[in-house]
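> Would you be able to build a 3D model of this:
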Amino acid sequence: MDRYERILTLHRVLKSAHYPVPLARLMDELECSRATLYRDIAFLRDGLGAPIESAASDQAAFRYEVGEGERFELPGLWLTSDELAALLALNELIGRSGPGVLAGALAPFKARIERLLTGQDKEKSLPIERIRVIPWGERKLDQQVFRVVAGAVLERSRLRFSYRARTTDSDSKRTVSPQRLTHYRDNWYLDVWDHDREALRSFAVDRIRDAHALDEPAIDVPETDLNEWLASSYGIFAGKPKAWATIRFSAHAARWVADEHWHSQQKGDWLPDGRYELKVPYSKSRELLMDVLKYGPDAEVVAPLPLREEMKSLLHMALGGYQ
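A predicted model of the protein is given here:
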C-alpha cells in the first residue's frame with residue numbers, strides 16, 4: 001500500500017471509529033511499520049489539519065476529537081488506486097459504447113486519473129483492450145444537443161426544442177420540463193412533462209434539434225408518477241399497460257428466455273413439456289412483437305387474441321415478401 005492509500009485508509013478508520021483505535025490495529029490496516037504509521041499520523045494531523053488526538057490513558061491509541069472528527073474531510077477527492085482504475089475503465093467503456101457523446105467531455109477527467117495512477121503506482125497497467133463493447137442499433141447523436149439536454153435535466157430548467165417524430169416524419173415545437181435521461185438499447189431518451197400537451201412524454205434525443213435551456217425552473221413530477229406512466233409498460237413506449245401478453249417459447253429457446261429480463265413485472269413459468277411461458281404487460285404492441293419475432297418458430301403469441309392476430313398478420317406480410 002502506497003502513502004496515498006495509507007492516508008486515505010487512516011482517515012477512514014479514524015472517522016468510522018467511535019473509540020480510540022489501538023496502534024496495532026492501525027499498523028495492520030495500513031500494512032506498515034510503527035515508524036511509518038507515526039509519520040502518516042503526523043502528516044494527516046499537521047499537513048492536512050485532521051483533528052487527531054491520542055487516547056488520554058493510552059498513548060498507543062488514536063482517534064478523531066469528538067465532534068470535530070464528524071465534520072472533518074480530506075481536502076479534494078481522495079480515491080484509492082483501485083477506485084481510480086475502476087473509474088478509468090468506466091470512462092473507457094463509455095467512450096467505446098457511445099463515442100463522441102460523453103468521451104469528449106470526460107477526456108480531461110481521464111487524463112487526470114491517468115496522471116494520478118502513474119504517480120501512485122508506476123507498475124500498474126490497465127488492459128482496457130481486454131474489454132470488448134459492441135454497440136447494437138445505436139443511432140447518431142448530436143453532441144451539442146445532448147449536452148444541452150443533459151444540462152437542463154441536471155440544472156432543473158425548462159427546455160425548448162424542435163422534434164421530428166419518426167412515426168409521422170413531422171416537425172413540432174416543444175416546451176418541456178425535463179425529468180430524467182433514459183439510456184435504453186444503446187440510445188438516449190428524454191422523459192419530460194410536456195407543457196403544451198400537459199402530459200408526460202418521452203422523446204428520442206437523436207430526433208431533438210435546436211435545443212436550448214430556458215430561465216424558468218422545471219416542474220418536478222414525482223418518481224412514482226414517472227414510473228407508472230413511462231416505465232410500467234413494455235419497452236420504451238409510454239402509457240399504462242392495456243393488457244398482458246402471453247408468449248410460449250420452445251424448449252430450445254427456453255434456455256435463453258428464462259434468463260432474460262424483458263420487463264420488471266414479468267412472470268415466467270416452465271411448462272411440463274420443457275417449454276417456457278412468459279407474461280409481460282404492454283401498452284403498444286410494436287416493440288414487443290419485434291422482440292418475439294427474433295425467435296422465429298421458437299416463439300408463439302398465445303394471448304390476448306388481438307395480439308395473436310396482429311402477429312399472424314405480420315408473419316403473413318413477411319412471407320408475402322418472399323413469394
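> Which helix or which strand is home to Trp136?
Assigned by DSSP states H and E, Trp136 belongs to no helix or strand.
> what's the neighbour count on it?
6 (other C-beta atoms under 10 Å). In this view, the C-beta of every residue, glycine as well, is placed from N, C-alpha and C.
> Same check on Arg63?
19.
> Now do the phi/psi pair for it.
For Arg63, the backbone dihedrals (degrees, to the nearest 10) come out as phi -160, psi 170.
> just Ser283 next, same as before
The phi/psi pair for Ser283 (degrees, to the nearest 10) is phi -110, psi -40.
> Test my guess that it contacts Trp244.
No. The pair Ser283 / Trp244 is not scored as a contact, 11.2 Å apart, by C-beta atoms under 8 Å.
> Leaving out sequence neighbours, find the closest residue to the residue nearest the centre of the chain.
Most central in the chain under C-alpha atoms, centre = their mean is His183, positioned 7.8 Å from the mean C-alpha point. The shortest distance from His183 to any non-neighbouring residue, by C-beta to C-beta, 6 or more residues apart in numbering, is to Tyr189 (7.8 Å).
> what's next to the helix or strand harbouring Arg6, contact-wise?
Arg6 is part of helix 3-16 when elements are defined by DSSP H and E. Helix 3-16 has contacts (C-beta atoms under 8 Å, 6 or more residues apart in numbering) with 1, 21, 25-26, 29-32, 36, 40-41, 43-44, 48, 50, 52, 62-64, 69-70, 72, 74, 78-81, 120.
> List only those of those residues flagged as buried.
For those, a neighbour count by 16 or more other C-beta atoms under 10 Å gives the buried set as 21, 26, 29-30, 32, 40-41, 44, 50, 52, 62-64, 69, 72, 79-81, 120.
> So, low pLDDT: which residues of the stretch 101-250 of the chain?
101-110, 112-131 (pLDDT under 70).
> repeat that for 50
122 (pLDDT under 50).
> hey, where'd the strands end up in the stretch 201-323 of the chain?
Secondary structure of the stretch 201-323 of the chain (DSSP state E, counting those that start in this stretch): strands located at 208-217, 243-249, 267-270, 276-282, 299-303.
> Which residues belonging to the first one are considered buried?
This means strand 208-217. In strand 208-217, counting by 16+ other C-beta under 10 Å, buried: Ile208, Ala211, Ala213.
> Phe161 reaches Asp171, doesn't it?
No. Using C-beta under 8 Å, Phe161 makes no contact with Asp171, being 10.7 Å away.
> Tell me which of the two has more neighbours.
Phe161 (24 against 11).
> Look up how far Arg209 lies from that one.
Applying C-beta to C-beta, to the nearest Å, the value for Phe161 to Arg209 is 7 Å.
> again with Tyr295
Distance from Tyr295 to Arg209, by C-beta to C-beta: 37 Å.
> Kindly report the same for Trp229.
Taken as C-beta to C-beta, the span from Trp229 to Arg209 is 25 Å.
> what about Ala60, neighbour count?
There are 12 residues near Ala60, going by other C-beta under 10 Å.
> quick one, helices of this structure?
3-16, 23-30, 34-42, 68-71, 81-97, 103-120, 143-155, 223-230, 251-257, 286-293, 305-320 (DSSP state H).
> Which of these sits closest to Arg197?
helix 223-230 (12.6 Å; C-beta to C-beta).
> Can you give the strand pairings for whichever strand in the chain runs longest, parallel or anti for each?
Secondary structure assigned by DSSP state E gives strand 171-184 as the longest strand of the chain. Strand 171-184 has its sheet partners listed here by DSSP bridges as strand 157-164 (antiparallel), strand 187-194 (antiparallel).
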